[in-house]
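Asks: just the structure for this:
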Amino acid sequence: MDQLKQIIRDIPDFPKKGIIFKDITTLLADAKSFHRMVDLMAHRYIGAKIDQIVGIEARGFLLGSALAYKLGTGITLVRKPGKLPFQTSSVSYDLEYGRDTLEIHKDAFNPGDRVIIADDLLATGGTMAAVVELVRNNGGVIHECAFMAELEFLQGRRKLPEGIVYSLLKF
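Replies: Presented below is the predicted three-dimensional model:
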């Protein structure tokens, strides 16, 4: 895991002064590391009978698509308003600096579909908490929320139901 962590680049003062941004593009660009990361994450779910992976705009699409491919499932997209072409359900949630809204197609799941929600990074947990609500409101049963990395000092997992968070890398 340390090898994967070392590939992720720190960008100081991005997007604003005082923040150290974890730039995962370096890991994604390195074929061996990307393959290893996907394999390690997918291995956790072999035999878990997962029906759908949910990918959160935008970097969650990358991880979610790779996991869906490895696990032989479909992928469902969670997007910002107005980006999905069919009937949607939405959820709005608070951010540090305002509010945001996410949407999912109303017909994304069959009743009782077992779902993994995938995203690149768990930070404060607000976005993932909103997606958990969105998935549950639309009939999905959450097996786990899977992250490539977690910023533990921000304690984002506190906003999520206990026992459903998995992070491959922890900072």
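Asks: what's in contact with stretch 14-33?
Replies: 3-4, 7-13, 34, 37, 59, 62, 120-121, 148-149, 151, 171 (C-beta atoms under 8 Å, 6 or more residues apart in numbering). C-beta here means a position set from N, CA and C on the backbone, and glycine is covered the same way.
Asks: distance of Val78 relative to Leu160?
Replies: Separation of Val78 from Leu160 (C-beta to C-beta, to the nearest Å): 15 Å.
Asks: hmm, I was thinking of Lys49
Replies: Going from Lys49 to Leu160 by C-beta to C-beta gives 22 Å.
Asks: more crowded one of the two?
Replies: Here Lys49 and Leu160 are compared on neighbour count by other C-beta atoms under 10 Å; more neighbours surround Leu160, at 18 against 9.
Asks: tell me if I'm right that the more buried one and Ala130 touch.
Replies: No: applying C-beta atoms under 8 Å as the test, Leu160 and Ala130 come out as separate, 10.6 Å apart.
Asks: tell me the SS of the spatially most central residue of the chain?
Replies: Nearest to the geometric centre of the chain sits Asp119, at 1.6 Å (C-alpha atoms, centre = their mean). Secondary structure, DSSP: H, G, I helix; E, B strand; the rest coil: Asp119 is strand.
Asks: how about the nearest residue to it, chain neighbours excluded?
Replies: Nearest residue to Asp119, sequence neighbours excluded (C-beta to C-beta, 6 or more residues apart in numbering): Gly60, at 3.9 Å.
Asks: so who does the one you found touch?
Replies: If you count contacts by C-beta under 8 Å, 6+ apart, then Gly60 has 54, 78, 117-120 around it.
Asks: right, and the helix or strand after the host helix or strand of Gly55?
Replies: Element membership of Gly55 [criterion: DSSP states H and E] is strand 52-56. Elements were assigned by DSSP H and E; along the chain past strand 52-56, the next helix or strand is helix 59-71.
Asks: following that next one, which helix or strand comes up?
Replies: Of the helices and strands lying after helix 59-71 in sequence (DSSP H and E), the nearest is strand 74-78.
Asks: remind me what that next one packs against, helices and strands.
Replies: Secondary-structure packing of strand 74-78 (3 or more C-beta pairs under 8 Å, 6 or more residues apart in numbering; DSSP states H and E): strand 52-56, helix 59-71, strand 98-105.
Asks: show me how far the second one is from its chain's centre.
Replies: For helix 59-71, the separation from the chain centroid amounts to 9 Å (computed by C-alpha atoms, centre = their mean, to the nearest Å).
Asks: stretch 19-30 now?
Replies: 15 Å.
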